[in-house]
Every structure is written in C-alpha cells, then in structure tokens.
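Student: Structure of the sequence below:
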Amino acid sequence: MGSRKCGGCLSCLLIPLALWSIIVNILLYFPNGQTSYASSNKLTNYVWYFEGICFSGVMMLIVATVLLVLENNKNYKCCQSENCSKKYVTLLSIIFSSLGIAFSGYCLVISALGLIQGPYCRTLDGWEYAFEGTAGRFLTDSSIWIQCLEPAHVVEWNIILFSILITLSGLQVIICLIRVAMKLSKILCGSYSVIIQPGII
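Tutor: Below is the predicted model of the structure:
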C-alpha cells in the first residue's frame, strides 16, 4: 500500500513538470516576447525539435496519466488470477516508466545541446551562431554576450530557458528511474514473480 501511494505521488509530480516544460519551450520561440523572430525562422535550430512541447510535455502527460490509472485502479484485472493481474500491471508500469525515461531523456539531451550551442543572433557579421565554436565556454564569460546585437538579451533568454528545461526533464528522468527501481524491487525481492506460470489463467 505504501509503495502504491508513493508511486502515485511520483506520477502526480510528472504532470506539473510536463506542463512547465511545455510553457518553457513555447517561450523559447518568442525572445523578449516578440513573435517576429519565430515567423522569420531566426531562432536556434534546437527549439524546432519540440523537446519540451512534445516529448517532455505532451508525451510525459500521457505517461503520467497511464501510470496514475495503473496505480489507482485497484480492481484492474486482465485475467482470472489476482496475482496474474498484478504481474501485468507491474510490467505495464515498468514499460511506461521506461518510455518516460526515453522521452524526458531526449528533452534533456536536446536542451543541453541547445544550451552549449548558444543562440542564433545578429552580430556585426550578420545572423549566425556567434558562440558555436566556443564549446560552451561563453556560458561563463558574460563579457562576450554583447556580440549578439539582436534579439536583445537573447543569450540570457536561451541560457535561462534551456537550463530550466534541463532541470525539468532531469527531474522527470529521476522520477521515472525511481518508479522502475520500485517495480523491479517488488519483482526481485519476491513480492510477486513476474514470470507467468502455465495454467495460472
């Protein structure tokens, strides 16, 4: 019972994390609240991977909903034996938690790449990735941020929002890993065997 409540709480945490991921990813399309840069495709290419909107957002909402249903539906039966039903629920929970790790992990990786690459901005030489060749060193050297003339404060905008996405997706990965570990511990510690014996249904 305690593990079920804990699992349900962890699944609930995925929902606000997913919603915030959607919001943060949307903000990346509008530096300083301006829509002109998105319409003219003058944004860093990594925002078009929809890492926060789709993967860490909508897909994680689906994963969280399924996990909540599995945790809260005490009368779920997929076969005649109650023990058999628990096995299937555990397997489904592990599968969807693993999908959650994949979805949020994708967002984590893409956001990290976007952070390291830096923004697409207008410099004295025109529109370019001003810090692409710095291997992320520009993150700790704010004196060179003035190379980006437009959009205003785009470096800070990208750093803050990509960092938030990394944090949100990282928390999602941790939560899903904990869920997988909890379910595997039930199997390995003998709460019930996941191997379905012949004749059990």
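Student: Show me where this structure has its strands.
Tutor: 120-123, 126-129 (DSSP state E).
Student: okay, these, which one's buried deepest?
Tutor: A comparison of these by mean neighbour count, using mean count of other Cβ atoms under 10 Å, puts strand 120-123 on top with a mean of 20. Using the backbone N, CA and C atoms, a C-beta is placed for each residue, glycine as well.
Student: how much distance is there from it to the middle of the chain?
Tutor: Here strand 120-123 is found 28 Å from its chain centre; the criterion is Cα atoms, centre = their mean, to the nearest Å.
Student: Check stretch 171-190 too.
Tutor: How far stretch 171-190 lies from its chain's middle: 17 Å, per Cα atoms, centre = their mean.
Student: ditto for stretch 107-123
Tutor: 16 Å.
Student: Just the CA trace of that stretch, in CSV.
Tutor: Taking C-alpha atoms only, stretch 107-123 is exported to CSV below (Å, rounded to 0.1, in the frame of the first residue of the first chain):
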residue,chain,number,x,y,z
CYS,A,107,14.5,16.6,-23.9
LEU,A,108,17.4,16.7,-21.6
VAL,A,109,19.9,15.9,-24.3
ILE,A,110,18.5,18.3,-26.9
SER,A,111,18.2,21.1,-24.3
ALA,A,112,21.8,20.6,-23.3
LEU,A,113,22.9,20.8,-26.9
GLY,A,114,20.9,23.9,-27.4
LEU,A,115,22.5,25.5,-24.3
ILE,A,116,26.0,24.6,-25.4
GLN,A,117,25.5,25.8,-29.0
GLY,A,118,24.2,29.2,-27.9
PRO,A,119,21.6,31.4,-29.6
TYR,A,120,21.2,32.3,-33.2
CYS,A,121,21.5,36.1,-33.3
ARG,A,122,22.6,39.1,-35.3
THR,A,123,26.2,40.1,-34.9
